[in-house]
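J.: Could you look at this predicted model? Sequence included:
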Amino acid sequence: MKKIIFLLIIGFQLQVFATDFNVIDYGAKADGVTKDTKAVQAAIDACTENGGGKVIIPAGKTVMIGTIYMKDYVTLHIENGAVLLGSPDYEDYTTDTHKNTYKNEPHMDRCLIFASNAKSFAFEGYGTIDGNGYMKNFTRKKGGRPMMMRFLNCSKIHMNDITLINPAAWTSAWLYCDEIVVDGIKIHSRVNGNGDGLDFDGCTNVRVSNSSFDTSDDSICLQTSRADKPCKDIVVTNCVFTSKWAAMRIGLASRGDFESVTVSNCTFHDIQDSGLKIQMNEGAEMKNMSFTNLVMRNVPRPVFMTFCQQRAGVDSPVEMLPMKAMRSFIFSDFIVDNKELDKNSAFFLTGMPDNYISDIQLNNIQFTVSGGGTKEDASKEIKEYTLDVLGEWWPEFYLVKTLPASGIYARHIKGLSINNVHINTIKDDSRPPLVFDDVVDGFTSNIFLNRKRLK
């Protein structure tokens, strides 16, 4: 039933103001089989028309829906034990929900929950949103793979305490939004490909905290698909990451600027590709970022940075944009335990000839690796990340494979300071722990290999 907060008598007219809108009252069967899209949307519409409140998905119920649209001042409250379940039928996902902004991926254009130009809406409760995105339901050959959520040009969004599972593609895409708070959520996206967690594209004033991620692709992405929409003032703290690809990717889609990002007090484990993947490709500027107090286990590239040219977005110009700047990064107080991995485990930082990454600090790092590098590995030359060398490609580590360093490899960097770094190898390794290639104004101090200080 609707929750009545007060009654007001004006003359002979009785006005009733409600703040809770239970989907059952709007016709939802909530049996996990019937498609309750119209009932849930009716509750959302009534809520926003009434000035706001909560749309309730009641405890113990499973409510199946196709695409729904969030509106101003609506809180979607999924009670403990409740499930909001995506329909298994692709045709239940509408076509007016904008698009995926990456090139060559229109099969992810549709989505389950959409909002456009909405303000002050929220998702909360200890219940679950289940995308039902299993491959038996959604593949490219079956029409496509809808994302779970997409928000376009929205502001003041809160997401608290809910669990998001089983999207058919990305869990969420936040496009050009402002004032976002995500706290205490859990994302598990492993039943289909490209299972990103939180993708913030051209967003500002974003705070993500106290959350856990287990994803089949990047857990958190910061990106900029439009040159006029920067990604800035981003805070990620007190989170746990595991991923089939990267825990955090910053860039790749990078037409707009990136600025003022802090990541702190997080743990990363069992990441297939990289912990922090920071990539500037499409002609904007990236600067002023701090990464502190991070603990990693089985993360082959704790930091993977590339400054290069590659077209990532569907709306990006075909011609390559001129490279601007990638500067001012601090990586401090890391513990990384990769003794269970192979020899292809390292910090990898690379710019391009005449296009340097500048002003980087690596401080207070304890790094354990398996070792096993050979003399041939130590003499290996690394190809440049350029179109004329590699052709049509994504800037991924598999293009490089083994590095000539056992710990840190840096190339085309200007202003690199490495201080108090301890590298421990389990097996003998013929490679030096640090390799600088075209590093201008490089400085090292207090570098230790197997507990012995290097001169």
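T.: Perfect, I can see it now.
J.: For residue 52, grab the count of nearby residues.
T.: When neighbours are counted by other Cβ atoms under 10 Å, residue 52 registers 15. For glycine as for every other residue, the C-beta is placed from the backbone atoms N, C-alpha and C.
J.: and what of the one 4 residues further on?
T.: One way to gauge burial is a neighbour count; for residue 56, by other Cβ under 10 Å, it gives 25.
J.: show me the contacts for it.
T.: 20-23, 43, 77, 79 (Cβ atoms under 8 Å, 6 or more residues apart in numbering).
J.: Check what pLDDT it gets.
T.: Residue 56 is assigned 98 on the pLDDT scale.
J.: Looks to me like it is in a strand.
T.: Yes. The assignment for residue 56 by DSSP: H, G, I helix; E, B strand; the rest coil puts it in a strand.
J.: before we move on, the earlier item: how about a markdown table for the contacts of residue 56, with pLDDT and distance to residue 428 added?
T.: Listed next are the contacts of residue 56 as a markdown table, based on pLDDT from 0 to 100; distance: Cβ to Cβ, whole Å:
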| residue | pLDDT | distance to residue 428 |
| --- | --- | --- |
| 20 | 96 | 66 |
| 21 | 98 | 67 |
| 22 | 98 | 66 |
| 23 | 98 | 64 |
| 43 | 98 | 66 |
| 77 | 98 | 58 |
| 79 | 98 | 58 |
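J.: which among the residues you listed end up buried?
T.: Those of the contacts of residue 56 that meet the buried threshold are 20-23, 43, 77, 79, by 16 or more other Cβ atoms under 10 Å.
J.: Quick check: of those residues, which lies closest to residue 218?
T.: Minimum distance to residue 218 across the buried ones among the contacts of residue 56 is 28.8 Å, recorded for residue 77 (Cβ to Cβ).
J.: roughly how far apart are that closest one and residue 400?
T.: Look at residue 77 and residue 400: by Cβ to Cβ, to the nearest Å, they are 48 Å apart.
J.: Filter the contacts of residue 56 down to just the ones in strands.
T.: Secondary structure assignment by DSSP state E places 20-22, 77 of these in strands.
J.: Closest to residue 353 out of those?
T.: Closest approach to residue 353 among those (Cβ to Cβ): residue 77, at 54.9 Å.
J.: How many residues are close by residue 379?
T.: For residue 379, the count of nearby residues is 10 (other Cβ under 10 Å).
J.: Quick check: nearest residue in space to it, chain neighbours excluded?
T.: Spatially, and ignoring its direct neighbours in sequence, residue 379 is nearest to residue 404 (6.8 Å; Cβ to Cβ, 6 or more residues apart in numbering).
J.: Could I get the contacting residues of that neighbour?
T.: Neighbouring residues of residue 404 by Cβ under 8 Å, 6+ apart: 377-382, 431-432, 435.
J.: Can you check the pLDDT for it?
T.: pLDDT for residue 404: 98.
J.: The one 5 residues further on now?
T.: Confidence per residue is given as pLDDT, and for residue 409 that number is 98.
J.: which element is it on?
T.: strand 408-425 (DSSP states H and E).
J.: just to revisit the earlier point, what subset of the contacts of residue 404 is buried?
T.: 377-378, 380, 382, 431-432, 435.
J.: out of those residues, who's nearest residue 120?
T.: Taking Cβ to Cβ as the measure, residue 382 is the one of these closest to residue 120, at 49.5 Å.
J.: What sits closest to that closest one if chain neighbours are left out?
T.: residue 400 (5.8 Å).
J.: Return the backbone torsion pair for the one you found.
T.: Dihedral pair for residue 400: phi -110, psi -50, per degrees, to the nearest 10.
J.: do you know how far the most centrally placed residue in the chain is from residue 268?
T.: In the chain, the C-alpha nearest the mean C-alpha coordinate belongs to residue 220, at 1.5 Å (Cα atoms, centre = their mean). Going from residue 220 to residue 268 by Cβ to Cβ gives 11 Å.
J.: Pick out the most distant pair among the buried ones among the contacts of residue 404.
T.: Among the buried ones among the contacts of residue 404, the pair separated by the greatest distance (Cβ to Cβ) is 382 and 432, at 14.3 Å.
J.: picking up where we left off before, for the strand holding residue 409, list the C-alpha coordinates in CSV.
T.: C-alpha atoms of strand 408-425 as CSV (Å, rounded to 0.1, in the frame of the first residue of the first chain):
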residue,chain,number,x,y,z
ILE,A,408,59.5,-1.5,-13.8
TYR,A,409,59.8,-0.6,-17.4
ALA,A,410,59.6,3.1,-18.4
ARG,A,411,59.9,4.6,-21.9
HIS,A,412,59.4,8.1,-23.3
ILE,A,413,58.9,9.7,-19.9
LYS,A,414,60.0,13.2,-18.8
GLY,A,415,60.4,13.7,-15.1
LEU,A,416,60.2,10.3,-13.5
SER,A,417,61.0,9.8,-9.8
ILE,A,418,61.2,6.4,-8.2
ASN,A,419,61.8,6.2,-4.5
ASN,A,420,61.9,3.4,-1.9
VAL,A,421,61.0,0.5,-4.1
HIS,A,422,61.5,-3.1,-3.0
ILE,A,423,61.5,-5.8,-5.7
ASN,A,424,61.7,-9.4,-4.6
THR,A,425,62.0,-12.2,-7.2
